[in-house]
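1. Sequence and computational prediction follow.
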Amino acid sequence: MNYSERTFSLKDTRGQAIYGVIHEPERPNGGLVVFFNIGLHYRVSHSRLFVLQGRHLQEAGFTVARADTTRIGYSHGEMPIGRAIDSFDAVQTGLFKEDALLIIRHLRDKYQPGKIFLYGLCGGALTAVIAAALDKSVDGVIFIAGPVTITSPEYELSTLHPHEAGNLLAGYMQRLFSPKSWGRFLTGRTSYKDLFGSIRVKVGEKFGGWKSAEPAAGGDGSPAENKGDLFNNVFLEAFDDIMRSGRRLLFVMPENDRATYDFDKMFVKHVLPRYEPFEKYYRIVRIPQADHTFSLPHRARELLDTSRDCLLSWMER
């Protein structure tokens, strides 16, 4: 198929250029879908996932925009020099929301769509829900593998996550009856740190309970240093706004992902029960065996089809 794709650009209030790509369908169905970057990655995403998804939706009649927010990809501006992980909390609490609102407004004015949907993976999922809460012209959000926690870089780098601990233990259990593995264990060639660390984390998880969703305050009343996984209340406020305004939200969560672990433990278990009156506005789809970036082709295809089918159903409402 020949795809109609072209670049577009606009400028933010500081004069910085934002560059993107538009997929224009042969027979538009009136729907506009705006994609948002995964973390600090640009508009192509891992294994060209956003290109494939954009063309998949284009074939279904959607006008699709994939833009780099400022400081990312081809757009102007620079992120502070340092580790990428140092910017994750900022992204997940709205770093790119102003760019997102500007992009939505630009495309809405140009295309005059019947409905507007936002689509984001990981940090882009947070950008999407935060922007949707602020712009009531958005009709729905597809939230893919978005983290619902904020965590200090030092804690994340130094602490074994329960999801990862579970994967390590599963690997050790598979080798439980292997003489070669026992030989490695008895001769000191096993990573005792990984083995006993994963056991400690899983035992602590079982008996330690769930962390509070509210960050502790420091002595001066300011938020204390984040030394663990804390629930992202910026996400919760955005979710609450979308639900109470009667708009749509699809959660697509990969099975093999720590973001899904936290989503289930902190959000599904403790927060969603409060939103039972709004359950017709949201849906959770789980992609089995998928990882955070949907690197397996058949799982990526399932994501593409799930997203397309959901958006088409929203167009009919």
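-> Perfect, thanks for sending it.

2. what sits against residue 38?
-> 45, 46, 120, 121, 122, 123, 124, 293 (C-beta atoms under 8 Å, 6 or more residues apart in numbering). C-beta coordinates here come from the backbone N, C-alpha and C atoms, glycine included.

3. repeat for residue 252
-> Residue 252 sits next to 142, 143, 144, 145, 285, 287, 303, 306, 307 when contact means C-beta under 8 Å, 6+ apart.

4. can you check residue 118 too?
-> The neighbours of residue 118, taking C-beta under 8 Å, 6+ apart as the test, are 33-34, 36, 100, 104, 128-129, 131-132, 138, 140-142.

5. just the residues you listed now: which is nearest residue 149?
-> residue 129 (14.6 Å; C-beta to C-beta).

6. For that closest one, give its distance to residue 147.
-> With the distance defined as C-beta to C-beta, to the nearest Å, residue 129 ends up 12 Å from residue 147.

7. swap in residue 260?
-> Distance, residue 260 to residue 147, by C-beta to C-beta: 10 Å.

8. Who does the residue lying closest to residue 317 once chain neighbours are set aside form a beta bridge with?
-> In this structure, residue 317 finds its nearest non-sequential neighbour in residue 248, 7.7 Å apart by C-beta to C-beta, 6 or more residues apart in numbering. Taking DSSP bridges as the rule, residue 248 bridges to residue 140.

9. switch to numbering from 20
-> In the new numbering, first residue 20, that becomes residue 267.

10. Correct me if wrong: residue 267 contacts residue 159.
-> Yes. Residue 267 lies in contact with residue 159 (C-beta atoms under 8 Å); the separation is 3.5 Å.

11. list the contacts for residue 86?
-> 27, 37, 38, 39, 40, 53, 54, 62, 94, 122.

12. Now render these as TSV, adding neighbour count.
-> Output for the contacts of residue 86, formatted as TSV (neighbours: other C-beta atoms under 10 Å):
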residue	neighbour count
27	15
37	23
38	18
39	23
40	20
53	25
54	29
62	24
94	22
122	25
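
13. Out of the residues you listed, list just those in strands.
-> Mapping these onto strands (DSSP state E) picks out 27, 37, 38, 39, 40, 53, 54.

14. Which single one of these is nearest to residue 128?
-> The closest of those to residue 128 turns out to be residue 27 (C-beta to C-beta; 12.2 Å).

15. Roughly how far does the closest one sit from residue 316?
-> Counting by C-beta to C-beta, the gap from residue 27 to residue 316 is 29 Å.

16. before we move on, the earlier item: closest to residue 284 out of the ones in strands among the contacts of residue 86?
-> Nearest to residue 284 among the ones in strands among the contacts of residue 86: residue 54, at 28.1 Å, using C-beta to C-beta.

17. Do I have it right that that closest one meets residue 136?
-> No. Between residue 54 and residue 136 there is no contact under C-beta under 8 Å: 10.0 Å.

18. For stretch 146-161, buried residues please.
-> For stretch 146-161, burial by neighbour count (16 or more other C-beta atoms under 10 Å) applies to 146-154, 157-161.

19. quick one: terminal-to-terminal distance for it?
-> End-to-end span of stretch 146-161 (C-alpha to C-alpha, to the nearest Å): 11 Å.

20. contact partners of that stretch?
-> 55-56, 88, 110, 112-116, 119-120, 123-124, 127, 134-139, 144, 162, 165, 253-254, 256-258, 260-261, 264, 266-269, 271, 326, 329-330, 333.

21. what about 6 Å?
-> Here stretch 146-161 makes contact (C-beta atoms under 6 Å, 6 or more residues apart in numbering) with 55, 113, 115-116, 119-120, 123, 134-139, 162, 257, 260-261, 266-269, 326, 333.
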